[in-house]
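Novice: need a structure here:
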Amino acid sequence: MAESSLAGTSAGAPASDLPDGVDTAELFASGTASALELLDEAIARADRLNPQINAIIGRLDGNARQAAESHDAARDAGAGGGTLAGVPFLTKDLTCTTEGQPYHAGNAALKDAGYAASSTAHLATMFAALGLVNFGRTNTPEFGLTITTEPVAYGPTANPWNTGHSTGGSSGGSAAAVAAGIVPIAHANDGGGSIRVPAANCGLFGLKPNRGRVSLGPDSGDGWAGFSVDGVVSRSVRDSARVLDGISRPWPGDPYWAPPPSDTFESAAGREPQALRVGLCAHSEWGPTDAQCRHAVEAAGRLAESLGHKVDYSHPAEMFHEEFFDHFRTIVSVQNVVMLAGVEQALGRPMSRPDVEGDTWALLEIGRSVSGTQYVAALEWCHAWTRRLAAWWASHDVLVSPIMAEPPPRLGELRNPETGRGRLNELLHFTPQFNVSGQPAMSVPLSWTESGLPVGVQFVGPHAGEEMLLSLAGQLERAAPWAGRTPPLWAGTA
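Specialist: Take a look at the predicted model:
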């Protein structure tokens, strides 16, 4: 492959005028800024920008100010803090609960009931131990079930790069807040692409960690039968790496966990990777892939080759298996029937058709029709399929593909009751496979369309391969930096 620069990247652009999370933590640790000052600045950015993008649907300013004051007092007393102490932060309104705080998961019935969480997730505890100062919850589609953030309960989140377009989902609120510069890092989770798709649509870095890397306790063992995992979206690779170092430890009772890295994930992001064997998959066997998405993959391949990696066109033969989505849908639908039973228990009443959106109800109807035998058979199929898929990594280190089959769609396209489901099927070709397999995968912002919309590129590693992926991501970030590219709705200029 001939060497070429990436269209739409900004190797010579100036750095962003807002610090990333690591730099913000240093401002706090050095005494240059107090946690309360950093929080007030983030709140001011949210007040200015959120009305235009609808990323934050619940504010926790009072709790956050108490946390910031505690960090300031501890620093002034010479006490150590977390590695991201004082950094303003947001949590997605899905799974990462804190006892007593509002929790609605994009559902109007929970919102109308004013429901508050009854337990604190281990993840929330780990975020707090890192020193992150959470001042709000971000928008999500109902129960995180689609790849656009347009719930009936809270309305659509707009993309800061073009407010007529989707942020992606289900972590779209978090992605919009980070892309607009309100916060440097925000919580996200991924059961079929929900970290990677919003990162791709909003020009961010988003790593889906390996299965079992991040505890789902105490209320869950393995979300969606192991398909779902938590993480963050960020503007810099090192931010995601530092967070992963802080949230990737096993908790008592976890059903399984991923093997620990040889060193810290942050150190991996800062060192050059060895020469890697890279396979490119620019097309989907399930349908057409937009030329701009194909070109983004091909340009990423040229960049990788220029950095000394061996690149060819190759992908796992099992990647586009014709039965894949039937089994994926079976498992996710049953898992959501169980989820709904938990919501009913929380509300103290049965849920009926008016309590959920139409697409959610249709998925629940599928789940109710599945027998126990069918569910276990689907899970066993996925396990066997994963072993066949994973065999490809014996001859390659990294798979590179689009995140979606098209650039970010317009708001409303995926919510149209007549055509939305078909559009979803046209777009979601490359990400759910690696939720089923459990492998780490990341979206890297390496390309933009001619109209200025981000097009992320997916990099998939072997099982427990986050160190290698983060080393590659850091190398790509240094070679083709994206920090200088900021959207029209940006905190530094608004």
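Novice: wait, Gly172 sits on Thr146?
Specialist: No: using Cβ atoms under 8 Å as the test, Gly172 is too far from Thr146 to be in contact (9.8 Å). In short, each C-beta sits where N, CA and C put it, glycine included.
Novice: could you say which helix or strand holds Val232?
Specialist: Here Val232 sits within strand 229-234, counting by DSSP states H and E.
Novice: quick one: contacts of that strand?
Specialist: Contact partners of strand 229-234, identified using Cβ atoms under 8 Å, 6 or more residues apart in numbering, comprise 20-21, 95-96, 123, 171, 174-175, 178, 184-191, 195, 198-199, 202, 204-211, 213-214, 216, 223, 239-240, 243-244, 247, 435.
Novice: circling back to that earlier point, look at Gly172 and Thr146 and report which has more neighbours.
Specialist: Counted by other Cβ atoms under 10 Å, Gly172 and Thr146 do not tie: Gly172 has more neighbours, with 36 against 29.
Novice: and for the more buried one, nearest residue in space, chain neighbours not counted?
Specialist: Nearest residue to Gly172 in three dimensions, chain neighbours excluded: Thr149, at 2.8 Å (Cβ to Cβ, 6 or more residues apart in numbering).
Novice: what's the answer for Ser118, then?
Specialist: The shortest distance from Ser118 to any non-neighbouring residue, by Cβ to Cβ, 6+ apart, is to Glu99 (6.4 Å).
Novice: and for Cys281?
Specialist: In space, and not counting its chain neighbours, Cys281 is closest to His315: 3.6 Å by Cβ to Cβ, 6+ apart.
Novice: now Ala67
Specialist: Spatial nearest neighbour of Ala67, chain neighbours left out: Val133 (5.1 Å); criterion: Cβ to Cβ, 6+ apart.
Novice: list the contacts of the residue nearest to the spatial centre of the chain.
Specialist: Geometric centre of the chain, nearest residue: Ile195, 1.7 Å, by Cα atoms, centre = their mean. Neighbouring residues of Ile195 by Cβ under 8 Å, 6+ apart: 171, 188-189, 206-208, 231-233, 443.
Novice: give the contact list for the residue nearest to Gly172.
Specialist: Residues in contact with Thr149 (Cβ under 8 Å, 6+ apart) are 139-141, 156-157, 166-173, 176, 198.
Novice: and the gap between the residue nearest to His429 when sequence neighbours are not counted and Pro462?
Specialist: In this structure, His429 finds its nearest non-sequential neighbour in Ser284, 4.0 Å apart by Cβ to Cβ, 6+ apart. Separation of Ser284 from Pro462 (Cβ to Cβ, to the nearest Å) stands at 22 Å.
Novice: who wins on neighbours among the contacts of Ile195?
Specialist: Across the contacts of Ile195, neighbour numbers were computed from other Cβ under 10 Å; Ser171 holds the maximum, 38 neighbours.
Novice: check contacts around it.
Specialist: 92, 138, 140, 149, 186-190, 194-195, 198, 206, 233.
Novice: mind redoing it with 6 Å?
Specialist: Contact partners of Ser171, counting by Cβ atoms under 6 Å, 6 or more residues apart in numbering, are 92, 188, 194-195, 198.
Novice: show the pLDDT at the residue lying closest to Pro402 once chain neighbours are set aside.
Specialist: The spatially closest residue to Pro402, leaving aside those adjacent along the chain, is Cys293, at 4.0 Å (Cβ to Cβ, 6+ apart). Predicted confidence (pLDDT) for Cys293: 98.
Novice: Val400 now?
Specialist: With respect to pLDDT, Val400 has a value of 99.
Novice: tell me where the protein has strands.
Specialist: For the chain, the strands defined by DSSP state E cover 56-59, 88-92, 133-138, 158-159, 162-166, 185-190, 205-208, 229-234, 277-280, 310-313, 398-402, 441-448, 454-460.
Novice: what is the most widely separated pair among the contacts of Ile195?
Specialist: Asn189 and Ser443 (14.1 Å; Cβ to Cβ).
Novice: wait, doesn't Gly21 sit right on Ile185?
Specialist: Yes: with contacts counted by Cβ atoms under 6 Å, Gly21 reaches Ile185, the gap being 4.6 Å.
Novice: looking at those two, which one has more neighbours?
Specialist: Ile185 (30 against 27).
Novice: which ones are touching that one?
Specialist: By Cβ under 6 Å, 6+ apart, the contact list for Ile185 reads 21, 232, 234, 239.
Novice: that one bridge partners, please.
Specialist: Assessed by DSSP bridges, Ile185 has beta-bridge partners Ser234.
Novice: what about it, distance to Phe89?
Specialist: As judged by Cβ to Cβ, Ile185 and Phe89 stand 6 Å apart.
Novice: cool, and Val233?
Specialist: Distance of Val233 to Phe89, given as Cβ to Cβ: 12 Å.
Novice: how about Met442?
Specialist: 20 Å.
Novice: again with His383
Specialist: Using Cβ to Cβ, His383 is found at 36 Å from Phe89.
Novice: so the two - more neighbours on which side?
Specialist: Between His383 and Phe89, counted using other Cβ under 10 Å, the more crowded position is Phe89 (28 against 13).
Novice: hmm, the more buried one is touching Leu132, no?
Specialist: Yes: using Cβ under 6 Å, Phe89 is in contact with Leu132, at 3.8 Å.
Novice: now do the shared contacts for those two.
Specialist: Joint contacts of Phe89 and Leu132 (Cβ under 6 Å, 6+ apart) do not exist.
Novice: please enumerate the helices of the stretch 1-150 of the chain.
Specialist: Assigned by DSSP state H, counting those that start in this stretch, the stretch 1-150 of the chain shows helices spanning 21-29, 35-53, 61-76, 108-112, 122-130.
Novice: quick one, which of these gets closest to Ala480.
Specialist: Nearest to Ala480, of all the helices of the stretch 1-150 of the chain, is helix 21-29, at 19.8 Å by Cβ to Cβ.
Novice: any idea of the angle that closest one forms with strand 229-234?
Specialist: Relative orientation of helix 21-29 versus strand 229-234 (axes from the mean of the first three to the mean of the last three Cα atoms, to 10 degrees): 80 degrees.
Novice: which residues of the stretch 351-494 of the chain fall in helices?
Specialist: Taking DSSP H, counting those that start in this stretch as the test, the helices found in the stretch 351-494 of the chain are 358-368, 372-390, 420-427, 433-437, 466-479.
Novice: out of these, which one sits most buried?
Specialist: helix 433-437 (a mean of 26; mean count of other Cβ atoms under 10 Å).
Novice: using PDB, write out every CA atom in that helix.
Specialist: Taking C-alpha atoms only, helix 433-437 is exported to PDB below (Å, rounded to 0.1, in the frame of the first residue of the first chain):
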ATOM      1  CA  GLN A 433     -19.500  -9.100  16.800                       C
ATOM      2  CA  PHE A 434     -16.900  -8.000  19.300                       C
ATOM      3  CA  ASN A 435     -19.500  -7.700  22.100                       C
ATOM      4  CA  VAL A 436     -20.400 -11.300  21.500                       C
ATOM      5  CA  SER A 437     -16.700 -12.400  21.300                       C
END
